[in-house]
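Visitor: Pasting the sequence and the predicted model now:
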Amino acid sequence: MDSVKPDDRWMHAYTNSGHPTCCAVALKNIEIMQRERLWEHAAKMGERLQAGLRRRSAITPNTGDIRGGKGLLAAVEFVEDRATKKNFAERPEVRREPQGRDDEARGDHADAARGRRPSRAG
């Protein structure tokens with residue numbers, strides 16, 4: 001890190017990132033994830049999620065693409081025409097607003113619904 005000029009360093013931290021309590025909580029979370037092998041459950045549930053999204057997209061004419069596949073992280077793109085992948089015309093009156101912290105629709109990706117759920121869901 002010392003070899004990188006200060007102006008070129010990427011800072012990924014917040015005010016309390018190095019606080020001993022935060023570090024203790026992080027270590028405990030890692031311990032729980034390892035003990036319960038949460039990545040295996042997330043992978044299994046992710047396969048179930050992807051299969052369900054693919055089944056649903058087959059009968060939904062406005063599904064353009066389904067992306068994701070890493071655990072329970074997924075995105076569904078909605079298009080006006082599936083064959084051409086043409087986006088819907090911009091219509092502010094039908095723009096979907098985020099429903100919560102983990103439900104996003106904004107910026108250049110307003111035609112995609114993204115959601116994350118706890119890895120122990122379902």
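Guide: Now that the structure is in, tell me what you want to look at.
Visitor: C-alpha only now, for contacts and for neighbours.
Guide: OK.
Visitor: For the one helix or strand residue 27 maps to, output the C-alpha coordinates as CSV.
Guide: Following DSSP states H and E, one finds residue 27 within helix 20-36. Presented in CSV, the C-alpha positions along helix 20-36 are these (Å, rounded to 0.1, in the frame of the first residue of the first chain):
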residue,chain,number,x,y,z
PRO,A,20,-12.5,-3.3,17.7
THR,A,21,-16.2,-4.0,18.1
CYS,A,22,-16.7,-4.0,14.4
CYS,A,23,-13.8,-6.3,13.9
ALA,A,24,-15.1,-8.7,16.6
VAL,A,25,-18.5,-8.8,15.0
ALA,A,26,-16.9,-9.5,11.6
LEU,A,27,-14.9,-12.3,13.0
LYS,A,28,-18.0,-13.8,14.7
ASN,A,29,-19.9,-13.6,11.4
ILE,A,30,-17.1,-15.4,9.6
GLU,A,31,-17.1,-18.1,12.3
ILE,A,32,-20.9,-18.6,11.9
MET,A,33,-20.6,-18.7,8.1
GLN,A,34,-17.9,-21.4,8.3
ARG,A,35,-19.6,-23.4,11.1
GLU,A,36,-23.0,-23.4,9.3
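Visitor: Any buried residues in it, and which?
Guide: Buried residues in helix 20-36, counting neighbours by 16 or more other CA atoms under 10 Å, are absent.
Visitor: now the helices for the chain?
Guide: In the chain, the helices defined using DSSP state H lie at 20-36, 38-58.
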